[in-house]
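# need coordinates for the following:
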Amino acid sequence: MVEDRDRLREKNEELQASVNRLTNMLWGRRSEKRSDPNHPTLFDLQLTADELAAERQRVVAAEIQLDTASQQQALDDLLARRKRKKLERLGRGGRERFPAHLERRESVLDLSDEAKQGLVLLRVDVSERLRFKKPQVYVEVIHRHIYVKPGDPDAGVMAPPAPVAIQPGVKYGFDVIAAMVSLKMGFHQPTYRQQAFFAQAGYFPSRSTINDLLNYSEIVIDPLFQEKCRLLLQQTILLGDDTQIRLLTRQALSNEELEKLSKRASRQSGERAPPGSATSYAWLYMGLDGMAPYNIFHWSLTREDTWIDTHLAGFHGIFVGDATGPNVRLGMRSGGRIIHAACNAHARRGFVAAEKTHPIEAAKALAFYQRLAAIEARCLGLSAQERLAVRRQESLPIWLSFRQWIDSNELKGVLPKSPLGKALEYVKKHDVALGRYLDDGRLPFDNNQSEQTIRPLVIGRKNWIFLGHPQAAAGRLKLFSIVSSAHRHHLIVEDYLADVLYKLAYAQQLEPHLLLPGSVYLQSLLPDHWALANPKSVCQERREEAESVAERKLIRTLKRKLAVPATIAAGNPETRSSSTAAPAVSAN
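Model prediction:
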């Protein structure tokens, strides 16, 4: 009876945890940030005096590692820089000025000649107003002169070469095709919305025309896609992620295959695809900034290990990704050729999910991760060697303390299937992969960069919902790879696509040798190289906005770090004096 009672109690806690998780998914807090001052922290919980003093001492020791004066100086420099940039952006009177490169069309407002009789001009007030003109399309009528030589039939005809088209006989310009690809892959517009967009300009393309032009683009863009794949596989560090995407099978798969795929997807995600469709997968691989800064998407019908093995067949190095089945087994399947580094954001996420059932334990785990993340925020501008030195001096002792706490007797009685139990098991099982970033300053602390890169695809699928056919799926993701890489470098996507599609089509039809792997011509079309040659097609405002967001995050981090020692010292006057031995405490 006692065993039955304990088993039922455990089952009840598991079911309650599931109910809490589902309720939180519907109505709970989505953000994982814990910077809200009103949110309970470790020090607001019912800890014993000894536990509270020990945790305060460890936090102060970690925060005092960096000299407060240097933090204050860094904060002052950032604030002054932001003030200078704001003054540059604003004109007289504190009003925003429009960019200088925009065309100016003057409009004169004046009194009539009769009304001006007897008046003297005092001044002319000049103001600006931004105007917008709807997109336009036009038909280019090409007159191609063809000549013959009289009396010499053997000379044949002579004429200038015909203009290059994306495929011979296609009568749509590269700018039109670039707009269609950009709308579909960059702004997530389904085909029928593209029809409405072009209808505003006076032309209503058919859906089959749009799909045909996308298909031609896939063929033309393939050499550039393969070049990016080649350069990525030459790197020693890759980031990756994957997501589900619905596939309309168009009767390309038998009913038996569809049922098999549906059952497999149901086991993995708990959802069955609607009739006539299947759950397929998109795989993202990306290089680090400054190495091979490109994004590559592959498609697969299933999530079997063989797919990622095929994608990374020529890769030797470290793969950064979440600790799912295909990623975890990479090292074993590759014979040590690939090493897996796990994402600490995924590990932290498990403790966020356990806040309601085990608030004290979850708060302790999140406190460890907060300290580790604060160190990473300070290391953003450092070189790999400098970052590694800081990690070994500051992050390693915190990580070892975290692992020691996880294995302590305090957590022995946690149910393995509870939210906290799952979070603890995740860290224990992937301990080596999670701590791998401490041995290499180039490795990121988490996999958030690839998650943010794949997010547009996840959001976009809510608009265009599906891939239309198994034969088209891989090609569509090739186009998405090109657009995603262009966005990564803040390019104006339509300008980039129009130029790249033209040059690739020209080379394929007239000079195929230019498209050999590693050729200078092909590398000049890579987004980072193209941006240097076409600075006017780089959205500098977007780049400045990204820098501004990063600055705001760093300012908030520095303000919190400067406030923590004073806040803790106010609660415990003895803490500040005891924190002078910060290195010794941190080493413990």
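# helices along the stretch 201-350 of the chain, start to end?
With DSSP state H, counting those that start in this stretch as the criterion, the stretch 201-350 of the chain has helices at 207-233, 255-269, 305-311, 325-328, 330-333, 344-353.
# can you list those in a markdown table and add mean neighbour count?
Where you see a C-beta, it was placed from the backbone N, CA and C, and this is true even at glycine. Written out in a markdown table, the entries for the helices of the stretch 201-350 of the chain read as follows (neighbours: other Cβ atoms under 10 Å):
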| stretch | mean neighbour count |
| --- | --- |
| helix 207-233 | 18 |
| helix 255-269 | 14 |
| helix 305-311 | 17 |
| helix 325-328 | 18 |
| helix 330-333 | 15 |
| helix 344-353 | 21 |
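# between these, which gets nearest to Ala292?
If you check each of those against Ala292 by Cβ to Cβ, helix 207-233 wins as the nearest, at 4.6 Å.
# ramachandran coordinates for the residue located most distally from the centre of the chain?
When each C-alpha in the chain is compared with the mean C-alpha position (Cα atoms, centre = their mean), Gly151 comes out farthest, at 66.8 Å. Gly151 has phi and psi values of phi 80, psi 0 when expressed as degrees, to the nearest 10.
# and the one 5 residues further on, by the same measure?
Backbone geometry at Gly156, expressed as degrees, to the nearest 10, gives phi 70, psi -160.
# measure it to Ile146 for me?
As defined by Cβ to Cβ, to the nearest Å, Gly156 lies at a distance of 10 Å from Ile146.
# quick one: low-confidence parts of the protein?
Residues of the chain that meet the criterion pLDDT under 70 lie in 21, 24-25, 27-71, 74, 88-95, 250-275, 462-468, 557-558, 560-588.
# related to what we said a few turns ago, need the helices of the stretch 201-350 of the chain in CSV with distance to Leu284, can you?
What follows is the helices of the stretch 201-350 of the chain, written out as CSV (distance: least, Cβ to Cβ, whole Å):
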stretch, distance to Leu284
helix 207-233, 11
helix 255-269, 18
helix 305-311, 10
helix 325-328, 12
helix 330-333, 15
helix 344-353, 15
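# closest to His489 out of those?
Checking those against His489 by Cβ to Cβ gives helix 207-233 as the closest, at 12.5 Å.
# which strands and helices sit next to that closest one?
With contacts defined as 3 or more Cβ pairs under 8 Å, 6 or more residues apart in numbering; DSSP states H and E, the packing partners of helix 207-233 are helix 174-181, helix 191-199, strand 277-287, strand 295-300, helix 470-488, helix 493-510, helix 520-523.
# among those, which is nearest Val320?
When these are compared for distance to Val320 using Cβ to Cβ, the nearest one is strand 277-287, at 9.6 Å.
# what helices and strands are in contact with the closest one?
If contacts are counted by 3+ Cβ pairs under 8 Å, 6+ apart, strand 277-287 sits against helix 207-233, strand 237-248, helix 255-269, strand 295-300, helix 305-311, helix 448-464.
# include distance to Ala353 when you put these into a markdown table, please.
Supplementary listing: the helices and strands packed on strand 277-287 in a markdown table, determined by distance: least, Cβ to Cβ, whole Å:
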| stretch | distance to Ala353 |
| --- | --- |
| helix 207-233 | 33 |
| strand 237-248 | 20 |
| helix 255-269 | 18 |
| strand 295-300 | 29 |
| helix 305-311 | 26 |
| helix 448-464 | 17 |
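# out of those, nearest to Tyr369?
Nearest of these to Tyr369, taken as Cβ to Cβ: helix 448-464 at 13.0 Å.
# what comes into contact with the closest one?
By Cβ atoms under 8 Å, 6 or more residues apart in numbering, the surrounding residues in contact with helix 448-464 are 184-185, 188-191, 239-243, 245-246, 282, 284, 286, 295, 297, 320-321, 343, 345, 480, 484, 487-488.
# and stretch 505-515, how far from the chain's centre?
33 Å (Cα atoms, centre = their mean, to the nearest Å).
# between the two ends of stretch 420-437, how far is it?
Taking Cα to Cα, to the nearest Å, stretch 420-437 runs 24 Å from one end to the other.
# now stretch 412-420
Between the opening and closing residues of stretch 412-420 we find a distance of 11 Å, counting by Cα to Cα.
# and what of stretch 521-529?
Taking Cα to Cα as the criterion, the two ends of stretch 521-529 lie 11 Å apart.
# for ChimeraX, what selects the buried ones among the contacts of helix 448-464?
The buried residues among these can be selected in ChimeraX (16 or more other Cβ atoms under 10 Å) with this line:
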select :184,185,188,189,190,191,239,240,241,242,245,282,284,286,295,297,320,321,343,345,480,484,487,488
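# what's in contact with the helix or strand hosting Gly421?
When secondary structure is defined using DSSP states H and E, the element that contains Gly421 is helix 419-429. Contacts to helix 419-429, defined as Cβ under 8 Å, 6+ apart, come from residues 17, 21, 323, 346-347, 350-351, 353-354, 356-358, 361-362, 365, 403, 406-407, 411, 414-416, 434.
# ok, Gln385 touching Gly441?
Yes - with contact defined as Cβ atoms under 8 Å, Gln385 counts as touching Gly441 (6.0 Å).
# out of the helices and strands packed on helix 207-233, nearest to Arg123?
With Cβ to Cβ as the measure, helix 493-510 is the member of these nearest Arg123 (40.6 Å).
# and the angle for that closest one with helix 470-488?
120 degrees (axes from the mean of the first three to the mean of the last three Cα atoms, to 10 degrees).
# may I have helix 493-510 exported as PDB, CA atoms only?
Coordinates of the C-alpha atoms in helix 493-510 are reproduced here as PDB (Å, rounded to 0.1, in the frame of the first residue of the first chain):
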ATOM      1  CA  VAL A 493      17.300  41.900 -50.900                       C
ATOM      2  CA  GLU A 494      15.800  42.900 -54.200                       C
ATOM      3  CA  ASP A 495      19.000  44.800 -55.400                       C
ATOM      4  CA  TYR A 496      21.100  41.800 -54.400                       C
ATOM      5  CA  LEU A 497      18.900  39.200 -56.000                       C
ATOM      6  CA  ALA A 498      18.500  41.100 -59.300                       C
ATOM      7  CA  ASP A 499      22.200  41.500 -59.700                       C
ATOM      8  CA  VAL A 500      23.100  38.000 -58.600                       C
ATOM      9  CA  LEU A 501      20.400  36.300 -60.700                       C
ATOM     10  CA  TYR A 502      21.600  38.200 -63.800                       C
ATOM     11  CA  LYS A 503      25.300  37.400 -63.300                       C
ATOM     12  CA  LEU A 504      24.600  33.700 -62.600                       C
ATOM     13  CA  ALA A 505      22.300  33.300 -65.600                       C
ATOM     14  CA  TYR A 506      24.900  35.100 -67.800                       C
ATOM     15  CA  ALA A 507      27.600  32.800 -66.700                       C
ATOM     16  CA  GLN A 508      25.500  29.600 -67.000                       C
ATOM     17  CA  GLN A 509      24.500  30.500 -70.600                       C
ATOM     18  CA  LEU A 510      27.600  32.100 -71.900                       C
END
